[in-house]
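Undergrad: starting from these lines, generate the structure:
(chains A, B, C and D)
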Amino acid sequence: MILNELLLPIFVVLITLILGAGVVDYLHHATSALGKQMSLRRSLNPLAPLYRLGLALSQQSVITEHPDRLNLRLAPALYFALAALGLAVVPWSADFIPADLVTGMVLWGAVEVLATVVIFLCGWSANAHLPLLGAYRYVSLGLSYMLVSMFVLIGVALPAESLQLSAVVESQREIWNVLRQPMGLPLFLIVGLGLTFWGPLDFASSPDLDRGISADQSGASRLVWQLARYAMLVAFSFMAATVFLGGWLGPWLPGPLWLVLKATLVLLILLWMGHNLPVMTPDKFISVAWVLLLPLSFVDLIWAGALALW
Amino acid sequence: MVGIWTDITFYLCAAIAVFSGWRVFRTDSMVRASFLLLISFLAVGVIMLLLAAVYLGTALFFMMAVEMMVMALFMVMFMMNPAGLNPMNMVHQPWVAALLGFAVFTGLSLVAVYGEFPANPAPADLDPVRSLGRELLGDSMLVFESAGIALLATMIGTVVLSSHRGRYGPANEGSEPPGLDPGGPPAKSAAQKQQQREEQKEQEEDKQDHDQ
Amino acid sequence: MTLTMLLIVGAALIGTGLYGALSQQSFVMLMMGLELMLNGIMLYAVAFWALAGHGIPEGQLLTIIVMAVMAIEMAMGFALVVAVFRTSQADTTEALQDLKH
Amino acid sequence: MDLANLLLIPLIAAVLILALEKCLRRNHSSYPQARPYSGGGDLSSHAWCRFHVRYYPMALLLIAFEMEMMFMYPWAVVYVAEGIKALMEMGMFLTILALGIVYAWREGVFRWQ
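TA: Numbers count the residues shown, from 1 in each chain, chains lettered A, B, ... in the order given. Below is the predicted model:
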């Protein structure tokens, strides 16, 4: 009983995050090579993530002078823990849900906000100017995408009449939310880019800050931070697949396999967006988030509400 | 079996909540202080989860995470020394405050120990979220809508008080900062100082030219 | 986990918060004291809701209202601090002796 | 059991990463390496000092506006059961709060100060 209900869920969540991080690393570099004149053969090599892992391990772990040591160590661990917490509420099939919380949706919102805190701490603790600037910029992003995410998720909760993710999946048995609420998924994907500070919304470690919060990371500390970031991307993909693409629902194949396939699809879309969308600046994004994205998510909510009553 | 683990988790969370709440006022680093307060809130949130207040517990996580993040930002904006690199002690009347705090703690604890409260636990099949939702749309509708009005007033108030830029130009246009000592001449802003410095430099250069 | 234990933990939070609110000079730290007191009050409300109030929804609503009070206190508090700081470059309570007169 | 999983999963994940980092870390850096990277610039002070956060009115506005979420989650659960009454009530609530957002937008809160 203990084995099935306690150890198996923990094992599944952690293995998914770690293997998923490897997959993200592979796909990220492979898709980035596709657009450019780079050596495709080397980028598509399935062992390339291991090669990069070895490279990171052979580096020194340099730490800046007088950092906030406790927070420097804790930040990557907490970011990874948040990804695990977010993935824990995702149902894998009708009867395998690591943590079937009645308010799973609210918990995911908490994960998004706590991620902002952790990313700020990561930039703060190095005691260096560039990481700190990245952290301040990221907070502006984190505070403004949050509302959009909440509205979109509440729109999804309306037809399900519940905040529980298993109920949300059940409510999509006839038609997936991506078709029922067409504006939901695009808005949620933008939130995902913000949550993992990826591609166009990469304010925390943007190139114009010389990689911002990653500027003073090296060796093992950089490795675990990257791992946590990829893990968050994986957790987000699973969440988006559950909420908008019907989760484990699907014919022929078993439920968990469907979930993984759909999550991979979301992941590919996110990576594509990361490579192909133009980069925003933080000051512009605040205006865009509050003046454009927030009203759009209002409209999405009204659409969802009207459809649910009808 | 489950009961023991619930108790252990409760005592652990209670200890974390109180200890980190205490450390808030003892740490030098202001950013750490605000995140210690966040830890205290998170521990209370877990206790709420243990009490089957599922919605309030999880909602406390995200509400408090936002508030403490903003708190940390304001710490950085207003503190001379947000990281506490030199130890500092910005307190007044610490002993009176400590005494009063302890007195309140003792009083409330005595009430808790000797007071008689009805043992009337929430029914096990209660759905806290649904009952709360019905309450909001039923009897407490007025509370809910007036909370909306109060929040609107807060939003307008914060914008009026804090925004540097009014609709008709800068908010502090025409005002001058108070003196550095009571009744003294107004303190100069950085821009004014810069301007003055440049004027001085120009004058000196003029003088040099003149001398040559 | 009895009601008494929960109330004692809440009392400890309120006591600590009161100490902070009375002893800190800086506005921002003072506000942290207030927040800690409200934290204890929320624990009280939920404890009574769960163990003494038969799970009536008003108990939960009270907690939410306390959270709203906290949010309003913080937003208005910081807005006032910004306004005060802009006009008199002050960030501690002692610097505002003028308000006494 | 769900609650136990919910608490244990993040805890174990965090411990795992901390242990991993501790095992892999090879930390014997010299002083010039430990100097914060500044893109070739010369550092005259440490980084932790008073900083003007340019979006502070937005942050304050968010604290007030975000309270509405607390009311919206329970509302979403009973929305279909309560029907048109729920729609009207939340419509009113959100309109009141949206007024605040529009006002703040017109006052230029969403631009960096």
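
Undergrad: could I get the buried residue list for the worst-scoring helix or strand of chain C on mean pLDDT?
TA: Here the helix or strand of chain C ranked lowest by mean pLDDT, DSSP states H and E is helix C:57-88, holding a mean of 88. Using 16 or more other Cβ atoms under 10 Å in any protein chain shown as the test for burial, helix C:57-88 gives C:57-79, C:81-85. Using the backbone N, CA and C atoms, a C-beta is placed for each residue, glycine as well.

Undergrad: quick check: residues of chain D near chain C?
TA: D:56, D:60-61, D:63-64, D:66-67, D:70-71 (Cβ under 8 Å from any Cβ of the partner chain).

Undergrad: considering only those, which also neighbour chain B?
TA: D:56, D:60-61, D:63-64, D:66-67, D:70-71.

Undergrad: tell me which of the residues you listed fall in helices.
TA: D:56, D:60-61, D:63-64, D:66-67, D:70-71 (DSSP state H).

Undergrad: which parts of chain D are helices?
TA: Going by DSSP H, chain D shows helices at D:2-24, D:31-34, D:56-82, D:84-106.

Undergrad: my error: substitute chain B in the last question.
TA: Taking DSSP H as the criterion, chain B carries its helices at B:2-23, B:30-50, B:54-78, B:94-114, B:128-137, B:141-162, B:190-211.

Undergrad: ok so, going back, can you add pLDDT and neighbour count and give the residues of chain D next to chain C back as TSV?
TA: Shown next, in TSV, are the residues of chain D next to chain C (pLDDT from 0 to 100; neighbours: other Cβ atoms under 10 Å in any protein chain shown):
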residue	pLDDT	neighbour count
D:56	86	24
D:60	90	30
D:61	91	30
D:63	91	28
D:64	90	28
D:66	89	22
D:67	90	27
D:70	89	24
D:71	90	26
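
Undergrad: need those residues in JSON lines (columns: distance to chain A).
TA: Output for the residues of chain D next to chain C, formatted as JSON lines (distance: Cβ to the nearest Cβ, whole Å):
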{"residue": "D:56", "distance to chain A": "10"}
{"residue": "D:60", "distance to chain A": "10"}
{"residue": "D:61", "distance to chain A": "9"}
{"residue": "D:63", "distance to chain A": "9"}
{"residue": "D:64", "distance to chain A": "12"}
{"residue": "D:66", "distance to chain A": "7"}
{"residue": "D:67", "distance to chain A": "12"}
{"residue": "D:70", "distance to chain A": "10"}
{"residue": "D:71", "distance to chain A": "11"}
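
Undergrad: out of those, who's nearest residue A:20?
TA: Among the residues of chain D next to chain C, residue D:66 lies closest to residue A:20 (Cβ to Cβ), at 30.5 Å.

Undergrad: which parts of the helix or strand harbouring residue A:274 are buried?
TA: Residue A:274 belongs to helix A:255-276 when assigned by DSSP states H and E. Going by neighbour count (16+ other Cβ under 10 Å), the buried part of helix A:255-276 is A:255, A:258-260, A:262-264, A:266-267, A:269-271, A:273-275.

Undergrad: for that helix, the averaged confidence score.
TA: Averaged across helix A:255-276, pLDDT comes to 90.

Undergrad: what helices and strands are in contact with whichever helix or strand comes after that helix?
TA: Next helix or strand after helix A:255-276 toward the C-terminus (DSSP H and E): helix A:282-287. Using 3 or more Cβ pairs under 8 Å, 6 or more residues apart in numbering or on different chains; DSSP states H and E, the elements in contact with helix A:282-287 are helix A:129-160.

Undergrad: quick one: the helix it packs on near chain B?
TA: Yes. Part of helix A:129-160 sits near chain B under the criterion Cβ under 8 Å from any Cβ, namely A:136, A:139, A:142-143, A:146.

Undergrad: weakest of the helices of chain D by average pLDDT?
TA: Here the lowest mean pLDDT among these goes to helix D:31-34, at a mean of 74.

Undergrad: which residues touch that helix?
TA: Helix D:31-34 is contacted by residues A:60, A:62-65 when judged by Cβ atoms under 8 Å, 6 or more residues apart in numbering or on different chains.

Undergrad: hmm, which of these is lowest in pLDDT?
TA: residue A:65 (76).

Undergrad: could you measure from that residue over to residue D:47?
TA: 10 Å (Cβ to Cβ, to the nearest Å).

Undergrad: same check on residue D:25?
TA: Residue D:25 is 23 Å from residue D:47, by Cβ to Cβ.

Undergrad: pick out whichever of these two has more residues nearby.
TA: residue D:47 (20 against 16; other Cβ atoms under 10 Å in any protein chain shown).

Undergrad: surely that one and residue A:125 touch.
TA: No. Assessed by Cβ atoms under 8 Å, residue D:47 is found out of contact with residue A:125, at 10.4 Å.

Undergrad: what's near enough to touch residue B:48?
TA: Counting by Cβ under 8 Å, 6+ apart, the residues that residue B:48 touches are B:56-57, B:60, C:43, C:46.

Undergrad: quick one: buried ones out of the residues you listed?
TA: Applying 16+ other Cβ under 10 Å to the contacts of residue B:48 flags B:56-57, B:60, C:43, C:46 as buried.

Undergrad: redo those residues as a markdown table? Include distance to residue D:37 and pLDDT.
TA: Converted to a markdown table, the buried ones among the contacts of residue B:48 look like this (distance: Cβ to Cβ, whole Å; pLDDT from 0 to 100):
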| residue | distance to residue D:37 | pLDDT |
| --- | --- | --- |
| B:56 | 44 | 91 |
| B:57 | 41 | 91 |
| B:60 | 38 | 92 |
| C:43 | 45 | 93 |
| C:46 | 47 | 92 |
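
Undergrad: of those, which is the nearest to residue D:91?
TA: residue B:56 (25.3 Å).

Undergrad: how much space separates that closest one from chain D?
TA: 9 Å (Cβ to the nearest Cβ, to the nearest Å).

Undergrad: isn't that residue right up against residue C:65?
TA: No. Residue B:56 lies out of contact with residue C:65 (Cβ under 8 Å); the separation is 11.8 Å.

Undergrad: most tightly surrounded among the helices of chain D?
TA: helix D:56-82 (a mean of 24; mean count of other Cβ atoms under 10 Å in any protein chain shown).

Undergrad: next, the contact list for the nearest residue to residue A:167 once chain neighbours are set aside, please.
TA: Using Cβ to Cβ, 6 or more residues apart in numbering or on different chains and skipping residues adjacent in sequence, the residue nearest residue A:167 is residue A:160, 4.7 Å away. Going by Cβ under 8 Å, 6+ apart, residue A:160 touches A:167-168, A:170-171.

Undergrad: please flag which of those residues sit within strands.
TA: Among the contacts of residue A:160, none falls in strands (DSSP state E).

Undergrad: between these, which is nearest residue A:111?
TA: residue A:168 (16.0 Å).

Undergrad: pretty sure the closest one is touching residue A:244, no?
TA: No. The criterion here is Cβ under 8 Å, and residue A:168 misses it with residue A:244 at 9.6 Å.

Undergrad: what do these two both touch?
TA: By Cβ under 8 Å, 6+ apart, the residues touching both residue A:168 and residue A:244 are A:156, A:177.

Undergrad: where do the domain boundaries of chain B fall?
TA: B:1-83, B:127-167 (automatic domain parsing).

Undergrad: the ones you listed: which one's closest to residue A:177?
TA: domain B:127-167 (20.1 Å).
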